[in-house]
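J.: Show me how the following folds:
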Amino acid sequence: MSELLGKQVILTLKRSRICMVPKHKAFLQTLHLKKVGDTRECEYTPNVHGMVKRIPYLIDITVKG
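T.: Below you'll find the model as predicted:
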């Protein structure tokens with residue numbers, strides 16, 4: 001995953017937030033992902049990497065381009 005640093009990626013929420021650890025809900029709120037299927041395009045920075053590393057079962061990552 002660290003090879004993605006600095007690249008544009010698309011994050012997609014693939015599972016529901018129901019019955020989730022509160023800290024993981026906070027990560028999704030920070031990433032602006034609310035509903036299943038929501039997508040967000042962003043730069044893959046160390047901050048984003050740290051959040052995505054904690055919730056890989058919830059998010060799909062695709063490289064833009």
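J.: need the helices for this protein, in chain order.
T.: 22-30, 46-54 (DSSP state H).
J.: for the first one, packing partners?
T.: Helix 22-30 sits against helix 46-54, with contacts defined as 3 or more Cβ pairs under 8 Å, 6 or more residues apart in numbering; DSSP states H and E. The C-beta positions use only the backbone N, C-alpha and C, and glycine is treated the same way.
J.: now the helix it packs on: how far from the chain's centre is it?
T.: Relative to its chain's centre, helix 46-54 lies at 8 Å (Cα atoms, centre = their mean, to the nearest Å).
J.: what's the angle from it to helix 22-30?
T.: 140 degrees (axes from the mean of the first three to the mean of the last three Cα atoms, to 10 degrees).
J.: Same list (the helices of the chain) but as a markdown table, adding mean neighbour count.
T.: Output for these, formatted as a markdown table (neighbours: other Cβ atoms under 10 Å):
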| stretch | mean neighbour count |
| --- | --- |
| helix 22-30 | 13 |
| helix 46-54 | 14 |
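J.: Now distance to residue 11 and mean pLDDT too, for those helices, in JSON lines please.
T.: Converted to JSON lines, these look like this (distance: least, Cβ to Cβ, whole Å; pLDDT from 0 to 100):
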{"stretch": "helix 22-30", "distance to residue 11": "10", "mean pLDDT": "95"}
{"stretch": "helix 46-54", "distance to residue 11": "7", "mean pLDDT": "94"}
